[in-house]
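Q: next comes the sequence, and after it the predicted model I'd like to discuss.
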Amino acid sequence: MRPFLERLKSRKLIMALVAAGVSCVKACYPDFPDKALYTIVGALMGYVAVEGLVDSAAQLAKWAKAKCDATVK
């Protein structure tokens, strides 16, 4: 089982919270400026994108290491 802090930093959870936050803001404050909302959402999506790149780089490094170890033997 994953630690609680790792679950809070999950990309899926962040995406779900952003979607819920946007819908709540739009429902409660229909005149909320879209530009401000998109700036906040953009910053959070940037974090999600960077975390995805880090995860994919880690997977590629793991694959490359296994490939090198297999050819050395």
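A: Received, thanks. Since we're looking at a predicted model, the values are computed, not measured.

Q: distance of residue 5 relative to residue 13?
A: Taking CB to CB, to the nearest Å as the measure, residue 5 falls 12 Å from residue 13. Quick note: C-beta positions are derived from backbone N, CA and C, even for glycine.

Q: what about those two, which has more around it?
A: Between residue 5 and residue 13, counted using other CB atoms under 10 Å, residue 13 has the larger neighbour count: 11 against 7.

Q: residues contacting the more buried one?
A: Under the criterion of CB atoms under 8 Å, 6 or more residues apart in numbering, the contact partners of residue 13 comprise residue 7.

Q: for residue 72, see how far away the residue nearest the centre of the chain is.
A: The chain has residue 48 as the residue nearest its centroid, 2.4 Å off, counting by CA atoms, centre = their mean. In this structure, residue 48 lies at 37 Å from residue 72, with CB to CB as the measure.

Q: same check, this time on residue 36
A: 55 Å.

Q: okay, now residue 40: neighbour count?
A: Residues near residue 40, counting by other CB under 10 Å, number 13.

Q: before we move on, which element is it in?
A: According to DSSP states H and E, residue 40 maps onto helix 34-72.

Q: averaged over its residues, what pLDDT does the helix or strand in which residue 22 is found have?
A: According to DSSP H and E, residue 22 maps onto helix 11-28. Per-residue pLDDT values across helix 11-28 average out to 88.

Q: kindly report the same for stretch 38-55.
A: Stretch 38-55 carries an average pLDDT of 88.

Q: kind regards, and thank you for your time.
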